[in-house]
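[1] the sequence and its predicted three-dimensional model are supplied below.
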Amino acid sequence: MTTGNFAIDDAVSFDHRHIDLEKRDDIYVIGDVHGCLDALEDLLETLDLADNDLAVFVGDLVRKGPESKAVLDRVRQSPRLLSVKGNNEQKLIDGEKSLSSLDLADQQYLKSLPTAISWDGGLVVHGGVDPNRPLSAHATDDLLTMRAPDGDGYDGPFWFETYEGQPRVFFGHTVLDTPIDREWAVGLDTGCVYGGELTAYDVRRDRFHSVSGPDHVERSAAKIVALGDS
């Protein structure tokens, strides 16, 4: 395959935030919450974040589950919690979907979320990247919805099967039966809202933490990637 230039610089067209890991102690990346407040609280209790720790969400904090506003409030009010924008946040921003529980402050917060958060050697986006294009050739929508750039959605082939970094990409969006842990890609959407798990990755220790999800929404097995098949 041909690898592109995945450095984030002034040439990119999407909103981006860079963080300095040297200024933080423990760092975690958390998968799609989808309004599942109880699972989020269980996971945060498990992680037991100290004052100088940080958890970064891969987006899709909202929709499908019952407590989107409470999840937004929980993340927004803590300096130890950050999130990128997911495709479900973008649907609310664009007016494609709506949630009556959200107020103007919630909408402003959604609009403020960056499309990407990076650190030296790491990149958090919601969907993923196209291995055959540099980041400067990616639009916001690419990073929010990337799944099978040369294929057809859940039929694959998936971008993470051929991506070779750097950086290591942490992502959600594609529902997995278990987390993906590859040299250059870490997949964290383990279907919390569908009765799967809410998963966090410990960047410092290279390990996962998961809690059970609430099974609010049914999902076809064809729309859940079994890693043995990917």
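    Arrived safely, thanks for sending. Just so you know, these numbers come straight off a predicted model, no measurement behind them. Numbers count the residues shown, from 1 in each chain.

[2] what sits against the closest residue to Ser101 other than its chain neighbours?
    Leaving aside its sequence neighbours, Ser101 sits nearest to Lys69 (Cβ to Cβ, 6 or more residues apart in numbering; 4.4 Å). Where C-beta positions appear, they are placed from N, C-alpha and C, glycine not excepted. When contacts are counted by Cβ atoms under 8 Å, 6 or more residues apart in numbering, Lys69 touches 99, 101-102, 106.

[3] just want the most central residue of this protein.
    In the chain, the C-alpha nearest the mean C-alpha coordinate belongs to Val58, at 1.7 Å (Cα atoms, centre = their mean).

[4] read off the pLDDT value for that residue.
    pLDDT, Val58: 98.

[5] same question, Asp215
    At Asp215, pLDDT is 80.

[6] on the three-state scheme, Leu40 is what?
    Secondary structure for Leu40, judged by DSSP: H, G, I helix; E, B strand; the rest coil, is helix.

[7] name the residues of stretch 212-219 that are buried.
    Within stretch 212-219, the residues that count as buried by 16 or more other Cβ atoms under 10 Å are 213-214, 216.

[8] average model confidence for the helix or strand containing Leu110?
    Element membership for Leu110, per DSSP states H and E: helix 104-112. Mean pLDDT, computed over helix 104-112, is 96.

[9] and if you look at stretch 125-144?
    On average, stretch 125-144 scores 94.

[10] determine how far the last residue of it lies from the first.
    7 Å (Cα to Cα, to the nearest Å).

[11] next helix or strand past the helix holding Leu110?
    Next along from helix 104-112, by DSSP H and E: strand 116-119.

[12] tell me which other helices or strands that following strand touches.
    strand 16-18, strand 122-124 (3 or more Cβ pairs under 8 Å, 6 or more residues apart in numbering; DSSP states H and E).

[13] which elements pack onto the first one?
    This means strand 16-18. Strand 16-18 packs on strand 116-119, going by 3+ Cβ pairs under 8 Å, 6+ apart.
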